[in-house]
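>>> requesting a structural model of the entry that follows:
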Amino acid sequence: MRVHFFTRLNSPNRYSFRSYSTLQNLRTVKTVSLVYFILNITLRLVVSIYDLPIKNMRHYDEYNDANIISSIIAPAFCLISVVLIYFFEHDDSKRLISQVFSILFALFVIISGMRATFFVMHNPRNTLVMYLIGIVVAGVFFTFEYYESIILSIISAVIFAVLLPYYQAGVQELIMNNLASVVLLTLFFCISRFSFSYRADNYLKLKAIEEKNVEIEAAIQTKNEILGIVAHDLRNPLTAIRTIVTLMKSDVTLNADSHDNLEMIQTSCDRATSIINDLIESAHNEKDAVFDIEQVELNQYLLKIVDDWVKNTTGQANILYYGTDYPIYTHINMEKMHRVMDNLISNAIKFSGKNDRVEIRLRDTEGGIFIDVKDFGLGIPEELLPFIFDRFSRASRKGMRGEESVGLGLSIVKQIVEKHGGDIKVYSTEKLGATFSINISPIPVNGSVKAYS
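Numbers count the residues shown, from 1 in each chain. Here you go, the predicted model:
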């Protein structure tokens, strides 16, 4: 942290910090003046109620007059600060007036402490506590430029020097008291500069973070746009390759080796297309704040998905569906939720042995609607569970039949579920399988569902 003793803030954000600190000073005036007024009134009430022998103190009449004046001035400062805050929040053109007003109040606080020191003892330098309190309050609670702190110090020193002869006549005591005042005001200047530097440093750091966040958001947006364009353009040649492979496979003169090679090409195209689709989906899920939803009966919806998987995965796994005895309706985006189920079922099969069970279960409980996808395969090691939904997750592993994983599928699943206002959890024991449990609540919002991610 750089301490600005005799320098102004050298930053492009200097003007905005000055506006910010001026507004904070006004709010401080409002709070401190209110507290000061309450303390004055409380003190007078306590003296009156308990009949304290305060009239016997030295300079009682001056103290009494000063207390009355403070009880009038403090609420005036409070009311004016409220007005200035209102205008300043709408238009900072009154910044100069607000700065002068804050300086005047800080001077009022210092003089109040100084005055209390004069009243309490015949020799101020023997008891400078009240003076010190006023100086500390002004130095810590307010944010002043170095020249404002100097002005406050000089004016306070002059006022102290002018008032002192009314309480001290000896030349030596006048010199010693003024010296004590200079020491305290030097302390005030140092406190004020450290307070200013600390607040300025924090403000600039926050501004830097805000600017970096804007840059990061812009970079993410650009990345998503480029990713969508590139991924979309990559699908075209893959589609052409897949079409050519399909035509070549129809050639009855192909030998077994050539047919296997074509199968490998087609499998590679399918895998590349799947990766591209994952990348596009991931980019879209970040960019889209809302998507359309519709009312769906979940038993029929899930049963159709399971039937499609059963037809296309013969011999790979035994997929079972357990629904409810009554219809369950909710609001979802059918296409997006279909992708969620495809990812979860695909993962369950990937980490299950041949003809192992994969169970899809629909539950309706007081906690909401739950869709469970459970397998009895490899399971997930405990140390990988915290990373399972991360993008390009370190938890990605090869399947039991050597299937590769990019690490995007489950992060996409989590994004989609959360955009439905739902939640997804995983429960797993290694070598005993894993259960992914989706919790969905119906959230109809004018035909759309708001993003919660």
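>>> so who does Asn347 touch?
For Asn347, the contact set (Cβ atoms under 8 Å, 6 or more residues apart in numbering) comprises Asp375, Gly409, Leu410, Phe436. (Each C-beta comes from the backbone N, C-alpha and C, glycine too.)
>>> rerun at 6 Å
Residues counted as contacts of Asn347 (Cβ atoms under 6 Å, 6 or more residues apart in numbering): none.
>>> how far away is it from Ser274?
13 Å (Cβ to Cβ, to the nearest Å).
>>> swap in Thr22?
With Cβ to Cβ as the criterion, Thr22 and Ser274 are 58 Å apart.
>>> neighbour count for these two, which is higher?
A direct count of neighbours by other Cβ atoms under 10 Å for Thr22 and Ser274 places Thr22 higher, at 22 against 14.
>>> now Ile276: which helix or strand?
Here Ile276 sits within helix 256-287, counting by DSSP states H and E.
>>> swap that for Val426, please
strand 423-429.
>>> buried sites along that strand?
Residues of strand 423-429 classed as buried: Ile424, Val426, Ser428 (neighbour count, 16 or more other Cβ atoms under 10 Å).
>>> what helices or strands is the lengthiest helix in the chain leaning on?
Using DSSP state H, we find that the single longest helix of the chain is helix 171-249. In terms of contacts (3 or more Cβ pairs under 6 Å, 6 or more residues apart in numbering; DSSP states H and E), helix 171-249 is packed against helix 129-141, helix 146-163, helix 256-287.
>>> just these: most buried one?
Across those, averaging neighbours per residue (mean count of other Cβ atoms under 10 Å) puts helix 129-141 on top, at a mean of 20.
>>> quick one: residues in contact with that helix.
Contacts for helix 129-141 (Cβ under 6 Å, 6+ apart): 28, 106, 109-110, 112-114, 116-117, 184, 188, 191-192, 195.
>>> please redo it, this time with the cut-off set to 8 Å
With Cβ under 8 Å, 6+ apart, helix 129-141 has contacts from 28, 32, 106-107, 109-114, 116-117, 120, 124, 149, 152, 181, 184-185, 187-192, 195.
>>> how far is it from where the chain is centred?
35 Å (Cα atoms, centre = their mean, to the nearest Å).
>>> what sits against Ser70?
Tyr36, Phe37, Asn40, Ser112 are the contacts of Ser70 under Cβ under 8 Å, 6+ apart.
>>> where in the stretch 51-200 of the chain is pLDDT low?
Flagging of the stretch 51-200 of the chain using pLDDT under 70 yields the residue ranges 52-60, 119-127.
>>> that older thread, now the buried members of the contacts of helix 129-141.
28, 32, 106-107, 109-114, 116-117, 120, 124, 149, 152, 181, 184-185, 188-189, 191-192, 195.
>>> which one of the helices and strands packed on helix 171-249 lies nearest to Asn13?
helix 146-163 (17.8 Å; Cβ to Cβ).
>>> other SSEs contacting that closest one?
Judged by 3 or more Cβ pairs under 8 Å, 6 or more residues apart in numbering; DSSP states H and E, the packing partners of helix 146-163 are helix 95-120, helix 171-249.
>>> now the shortest one against helix 171-249, angle please.
In this structure, helix 95-120 runs at an angle of 140 degrees to helix 171-249, with axes from the mean of the first three to the mean of the last three Cα atoms, to 10 degrees as the basis.
>>> determine how far helix 95-120 lies from the middle of the whole chain.
38 Å.
>>> name the helices or strands packed onto it?
So helix 95-120, by 3+ Cβ pairs under 8 Å, 6+ apart, packs with helix 14-50, helix 60-90, helix 129-141, helix 146-163.
>>> reformat the ones you listed as JSON lines; add distance to Asp292.
Below are these laid out as JSON lines (distance: least, Cβ to Cβ, whole Å):
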{"stretch": "helix 14-50", "distance to Asp292": "41"}
{"stretch": "helix 60-90", "distance to Asp292": "40"}
{"stretch": "helix 129-141", "distance to Asp292": "53"}
{"stretch": "helix 146-163", "distance to Asp292": "58"}
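>>> which stretch among those helices comes nearest Phe6?
The nearest among the helices and strands packed on helix 95-120, by Cβ to Cβ, is helix 146-163 at 5.4 Å.
>>> residues making contact with that closest one?
Contacts with helix 146-163, where a contact means Cβ under 8 Å, 6+ apart, come from 4-8, 99, 103, 106-107, 110-111, 114-115, 118, 138-139, 144, 177-178, 181-182, 185-186, 188-189, 192-193, 196.
>>> let's go with 7 Å and repeat that
4-7, 103, 106-107, 110-111, 114, 118, 138, 178, 181-182, 185, 188-189, 192-193 (Cβ atoms under 7 Å, 6 or more residues apart in numbering).
>>> so Val373 bridges to which residues?
With DSSP bridges as the criterion, Val373 is bridged to Ile360, Phe436.
>>> that one reaches Ser346, doesn't it?
No: Val373 lies out of contact with Ser346 (Cβ atoms under 7 Å); the separation is 10.0 Å.
>>> okay, buried residues for stretch 369-388 please.
Applying 16+ other Cβ under 10 Å to stretch 369-388 flags 369-380, 388 as buried.
>>> domain ranges for the protein?
What automatic domain parsing lists as the domains of the chain is 14-215, 289-450.
>>> give me the mean pLDDT for the last one.
Just to be clear, that refers to domain 289-450. For domain 289-450, mean pLDDT rounds to 82.
>>> quick check, Val413 in a helix?
Yes: assessed by DSSP: H, G, I helix; E, B strand; the rest coil, Val413 belongs to a helix.
>>> where's it relative to Val100, distance?
For Val413, the distance to Val100 - Cβ to Cβ - is 60 Å.
>>> higher neighbour count, the two?
Neighbours per residue, other Cβ under 10 Å: of Val413 and Val100, the larger number sits with Val413, 25 against 11.
>>> check contacts around the more buried one.
Val413 touches Val340, Asn343, Leu344, Ile424, counting by Cβ under 7 Å, 6+ apart.
>>> quick one: the last one and Thr435 touch, right?
Read that as Ile424. No: checked against Cβ under 7 Å, the pair Ile424 and Thr435 is beyond contact range at 10.9 Å.
>>> how about the residue lying closest to Leu432 once chain neighbours are set aside, secondary structure?
Spatial nearest neighbour of Leu432, chain neighbours left out: Gly379 (5.3 Å); criterion: Cβ to Cβ, 6 or more residues apart in numbering. Assigned with three-state DSSP, Gly379 falls in the coil class.
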